[in-house]
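Chemist: everything below, folded, please.
(4 chains)
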There are 2 protein chains.
Amino acid sequence: MGDVAPGSEQTGAPRGRRPSLKDVALRAGVSFQTVSKVLRGDGNVTDATRARIEDAARELDYVPDEVARSLVERRTRSLGLVVGDLSDHVVARFVPGAEQEARRHGHALAIVALAPDSDHGQRSVRGLLSRRVDGIVAAAPQLEEDPRLGELLADVPTVAIHSISGLDIPLVGSDQVQTGRKATGHLLELGRRRVGCVTGVSSRRVTSSRINGWMQAHHDHGQVADRRTLEEGDWTPAGGAAAAQRLLERSPDLEALFVHNDLMAVGVLHELHRLGRSVPDDVAVMGCDDIPVAAWTLPSLSTIALPFFETGVAAVRLLLDRIAGMVDVDARVLLPAQRRCRISCGCGPGTSMGSG
Amino acid sequence: MGDVAPGSEQTGAPRGRRPSLKDVALRAGVSFQTVSKVLRGDGNVTDATRARIEDAARELDYVPDEVARSLVERRTRSLGLVVGDLSDHVVARFVPGAEQEARRHGHALAIVALAPDSDHGQRSVRGLLSRRVDGIVAAAPQLEEDPRLGELLADVPTVAIHSISGLDIPLVGSDQVQTGRKATGHLLELGRRRVGCVTGVSSRRVTSSRINGWMQAHHDHGQVADRRTLEEGDWTPAGGAAAAQRLLERSPDLEALFVHNDLMAVGVLHELHRLGRSVPDDVAVMGCDDIPVAAWTLPSLSTIALPFFETGVAAVRLLLDRIAGMVDVDARVLLPAQRRCRISCGCGPGTSMGSG
DNA sequence: TCTGCAAAGGCGAACGTTCGTTTCGGAGAC
DNA sequence: GTCTCCGAAACGAACGTTCGCCTTTGCAGA
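Modeler: Numbering: from 1, shown residues only, chains lettered A, B, ... in the order given. The predicted structure is shown next:
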């Protein structure tokens, strides 16, 4: 235990600091700019020099400093992901796709949630901006409403999975009207007469879109939807159960329910069991999302599977295209949702019947 | 639409570039270093100068460049989160706590998954290192095994929620032996004689720990666990159902099951229903995790609730302390798990009976 | 022997900060 | 009236890169 600087054999292995281009250069006997060239595969150098530089870099375990590089290149190769609530399972299932695609393109993904601060999450977004992210993916329902957040995103490339107040940006997602229409239409085709609906929270656009789909499906079958068979939930099983209870109390003759997400649908199944209504014989149920347990509820839940992962991938891809100036603010990417029939809709033997 | 540079009234509003200290300085009539001082609240300046600088900064909408700051301060105020699989619900529920705590301390959180590349995710970690994150939180079971990944983390402050091959680092988590013991013990206390176990994947430490807890609980009750009533699952409902089927075929007299996570437990409930065994009368079931649907399965699932969110918070807090040099590599943070009784364990009227 | 040219690599500047030191100017002490 | 001291602000250097231009060297051809 003397006071020998650890790890400094030969030239250039620095103490307590990561090796820089200069350290590599010193060891290879060239200027640091030449090292830079070579390491980026760019330079006109002799094979001998190249070899010496590459050896030196390897020996020192040189890793380029992205921070310094970002400063001069004026891009960070990092993207921001602004979410409303990371605990929300829709958001949580969207993240892996976004991360994978960002990584595939050599970009880092900085995730930040909008804190319900005094400033309504402006700090969160400002943090991303000061870090000079190259672009932002927004998945925060708050942004549908709060114009101050929209303003912050005005001068950084942004894409979102929902519209943003006062901002024209590229959007990615699924056609939620079709989602509602597909689910409801399936129930009506099976001959269910009165199809009620447990909705998501009413302020969200996805909710009104799915309600529209529910109404359109009725129209498609020459019926008119009865808005009294509509009951608002809060996306949770408890909210779903409560909504189902209110709904069946008011309209005991309901033969089917379209529930705006699977989590609520689980609560709905629970409540129907409690009320002694058999699923699907008395009441058929269709959910939305296709959560991992959907195939294993009692009875197993028929649902519309939404392409969360693919949406994440598409969002990042669109953002990178947007940054490259290859797409315009009015770009729209719509990903298909798929009906997955199990038991709860009562359409058959419990096999997936596909369809689009 | 002439060729007037947009947004350049008065001095200093730059075109296509964000305003820098120099721009603010120009407008306020001081040197840019003085602006730096003032904006960090640090300087000895007259009120008049301060006011001019603050006005200029506000008018230009100046946002400090974290990249440049990082370069000179040699810290990025950003943390890396290395995960194995973001789709894993354990990981997904851990992220929000980590994000919240990082944000609370003004740090960005860069999330990266370990791709099953040719290089087994070394690229992912290297990317984080080249971005000079101040520290890394690891939540990737792969790291338990792969020594090459451990090496990469050797010279950056790291904490993890599991041990890492060949690396002494601070750890955060819950006592998984106690988890298994608590769940199994509860079933044994209720008089269930033979308590089987559907385990997680056997290579994971959490699995062996919970099996140990299962055995210890038997020992606590003067019994000896029968390893033939142990069956491996894969953390999914399908795997849980299959394991339960195998288990009951081999040992039809099982009166209870301890299942290593709730997701598998959902599959187990499904399978028990299919086999015509009533829960909890014929077979009692305890899960682990407390997923959102646990309270709404049929019957509702008794489980050991793990503090995922708090683990995320604690991990980041510990990492920041570690970076500050305030804790040592042998630091351990153990967070309590809580038993939540519902119907499936058969212990009572279905109210939460707490306990720790 | 000289000219010219290409290849190899050096060099200075810039990116936007922070930090430590220097300069300036005015007020107070002698 | 000169010297000292102190507060206010300017200044220079550094962080680790990239980029474009310049210099040096070596060699072919006249």
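Chemist: and A:Glu231, what element?
Modeler: Here A:Glu231 sits within strand A:230-232, counting by DSSP states H and E.
Chemist: who touches that strand?
Modeler: When contacts are defined by C-beta atoms under 8 Å, 6 or more residues apart in numbering or on different chains, strand A:230-232 is touched by residues A:196-202, A:211, A:214, A:243-244, A:246-247. To be clear about C-beta, it is placed using only N, CA and C from the backbone, and glycine gets the same treatment.
Chemist: what lies in contact with stretch A:340-350?
Modeler: Residues from elsewhere that reach stretch A:340-350, judged by C-beta under 8 Å, 6+ apart: A:186-187, A:190, A:256, A:265, A:269, A:279-281, A:284-287, A:290, A:294-295, A:297, A:299-305, A:351-353.
Chemist: those residues in helices, which ones?
Modeler: A:His186, A:Leu187, A:Ala265, A:Leu269 (DSSP state H).
Chemist: how near is the second one to A:Gly196?
Modeler: A:Leu187 sits 10 Å away from A:Gly196, taking C-beta to C-beta, to the nearest Å as the criterion.
Chemist: any common contacting residues for the two?
Modeler: With contacts defined as C-beta under 8 Å, 6+ apart, the residues shared by A:Leu187 and A:Gly196 are A:Ala256, A:Phe258.
Chemist: counting by contacts, list what the strand or helix carrying A:Phe258 packs against.
Modeler: Using DSSP H and E, A:Phe258 sits within strand A:256-259. On a contact count with 3 or more C-beta pairs under 8 Å, 6 or more residues apart in numbering or on different chains; DSSP states H and E, strand A:256-259 meets helix A:176-189, strand A:195-199, helix A:237-250, helix A:262-274, strand A:284-289.
Chemist: what about dumping the CA coordinates of that strand to PDB?
Modeler: Presented in PDB, the C-alpha positions along strand A:256-259 are these (Å, rounded to 0.1, in the frame of the first residue of the first chain):
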ATOM      1  CA  ALA A 256     -73.900  -7.200 -22.800                       C
ATOM      2  CA  LEU A 257     -71.300  -4.700 -21.700                       C
ATOM      3  CA  PHE A 258     -68.600  -3.000 -23.500                       C
ATOM      4  CA  VAL A 259     -66.000  -2.000 -20.900                       C
END
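Chemist: can you give me the mean pLDDT across that strand?
Modeler: Per-residue pLDDT over strand A:256-259 has a mean of 98.
Chemist: quick revisit: which ChimeraX command selects the buried ones in the contacts of strand A:230-232?
Modeler: Selection command for ChimeraX covering only the buried members of the contacts of strand A:230-232, criterion 16 or more other C-beta atoms under 10 Å in any protein chain shown:
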select /A:196,197,198,199,200,211,214,243,244,247
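Chemist: now A:Ser203: phi and psi?
Modeler: Here is the backbone geometry of A:Ser203 (degrees, to the nearest 10): phi -80, psi -20.
Chemist: if I look at it, how far off is A:Gly240?
Modeler: The gap separating A:Ser203 from A:Gly240 is 18 Å, by C-beta to C-beta.
Chemist: quick one, which of those two is more surrounded?
Modeler: In terms of neighbours (other C-beta atoms under 10 Å in any protein chain shown), A:Gly240 is the more surrounded of A:Ser203 and A:Gly240; the figures are 30 against 11.
Chemist: for DNA strand D, give me its nearest residue in the stretch 251-356 of chain A.
Modeler: A:Ala324 (15.5 Å; C-beta to the nearest atom of the strand).
Chemist: and the ones in helices among the contacts of stretch A:340-350, which is closest to B:Arg40?
Modeler: Distance ranking of the ones in helices among the contacts of stretch A:340-350 against B:Arg40, using C-beta to C-beta, places A:Ala265 first at 52.6 Å.
Chemist: ok, A:Leu301 touching A:Leu269?
Modeler: Yes - counting by C-beta atoms under 8 Å, A:Leu301 does reach A:Leu269; the two are 7.0 Å apart.
Chemist: joint contacts of these two?
Modeler: Residues touching both A:Leu301 and A:Leu269 by C-beta under 8 Å, 6+ apart: A:Val285, A:Ser344.
Chemist: run through the residues of the stretch 51-200 of chain A sitting next to DNA strand D.
Modeler: Selection of the stretch 51-200 of chain A residues close to DNA strand D by C-beta under 7 Å from any atom of the strand yields A:Tyr62, A:Pro64, A:Asp65, A:Ala68, A:Arg69, A:Leu71, A:Val72, A:Glu73.
Chemist: within reach of DNA strand C, which of those residues are there?
Modeler: A:Ala68, A:Leu71, A:Val72.
Chemist: okay, those in JSON lines with pLDDT, neighbour count and secondary structure next?
Modeler: Below are these laid out as JSON lines (pLDDT from 0 to 100; neighbours: other C-beta atoms under 10 Å in any protein chain shown; DSSP: H, G, I helix; E, B strand; the rest coil):
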{"residue": "A:Ala68", "pLDDT": "97", "neighbour count": "16", "secondary structure": "helix"}
{"residue": "A:Leu71", "pLDDT": "96", "neighbour count": "16", "secondary structure": "helix"}
{"residue": "A:Val72", "pLDDT": "95", "neighbour count": "8", "secondary structure": "helix"}
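Chemist: distance to A:Gln223 for the residues you listed - can I get that in a markdown table?
Modeler: Putting these into a markdown table (distance: C-beta to C-beta, whole Å) gives the following:
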| residue | distance to A:Gln223 |
| --- | --- |
| A:Ala68 | 66 |
| A:Leu71 | 63 |
| A:Val72 | 65 |
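Chemist: span of stretch A:58-72 from start to end?
Modeler: Across stretch A:58-72, the terminal residues are separated by 24 Å (C-alpha to C-alpha, to the nearest Å).
Chemist: buried ones in that stretch, by neighbour count?
Modeler: Applying 16+ other C-beta under 10 Å to stretch A:58-72 flags A:Glu59, A:Leu60, A:Tyr62, A:Val63, A:Pro64, A:Asp65, A:Glu66, A:Val67, A:Ala68, A:Arg69, A:Ser70, A:Leu71 as buried.
Chemist: hmm, back to that, A:Leu86: which of the helices and strands packed on strand A:256-259 is closest?
Modeler: That would be, of those and by C-beta to C-beta, helix A:262-274, which comes in at 15.8 Å.
Chemist: list the helices and strands the closest one packs on?
Modeler: Where contact means 3+ C-beta pairs under 8 Å, 6+ apart, helix A:262-274 is packed against strand A:195-199, helix A:237-250, strand A:256-259, strand A:284-289.
Chemist: closest to B:Ala113 out of those?
Modeler: When these are compared by C-beta to C-beta, strand A:284-289 sits nearest B:Ala113, at 21.9 Å.
Chemist: what average pLDDT does that closest one get?
Modeler: The average pLDDT within strand A:284-289 is 98.
Chemist: report the angle between it and strand A:195-199.
Modeler: For strand A:284-289 against strand A:195-199, the angle by axes from the mean of the first three to the mean of the last three C-alpha atoms, to 10 degrees is 30 degrees.
Chemist: does chain B have contacts with strand A:284-289?
Modeler: No - shown here: strand A:284-289 not in contact with chain B (C-beta under 8 Å from any C-beta of the partner chain), separated by at least 11.9 Å.
Chemist: that strand packs against which elements?
Modeler: Packing partners of strand A:284-289 (3+ C-beta pairs under 8 Å, 6+ apart): helix A:176-189, strand A:256-259, helix A:262-274, strand A:302-305.
Chemist: name the residues of chain A found near DNA strand C, please.
Modeler: Within chain A, the residues that sit near DNA strand C (C-beta under 7 Å from any atom of the strand) are A:29-31, A:33-34, A:43-46, A:48-50, A:68, A:71-72, A:74.
Chemist: those residues in strands, which ones?
Modeler: Using DSSP state E, no member of the residues of chain A next to DNA strand C sits in strands.
Chemist: and the two most separated of those?
Modeler: Every pair of the residues of chain A next to DNA strand C checked by C-beta to C-beta; the farthest is A:Ala48 and A:Arg74, at 34.6 Å.
Chemist: rounded mean pLDDT for stretch A:93-100, please.
Modeler: Rounded mean pLDDT across stretch A:93-100 is 97.
Chemist: run the chain-centre distance for it.
Modeler: Centroid displacement of stretch A:93-100 relative to its chain, using C-alpha atoms, centre = their mean, to the nearest Å, is 6 Å.
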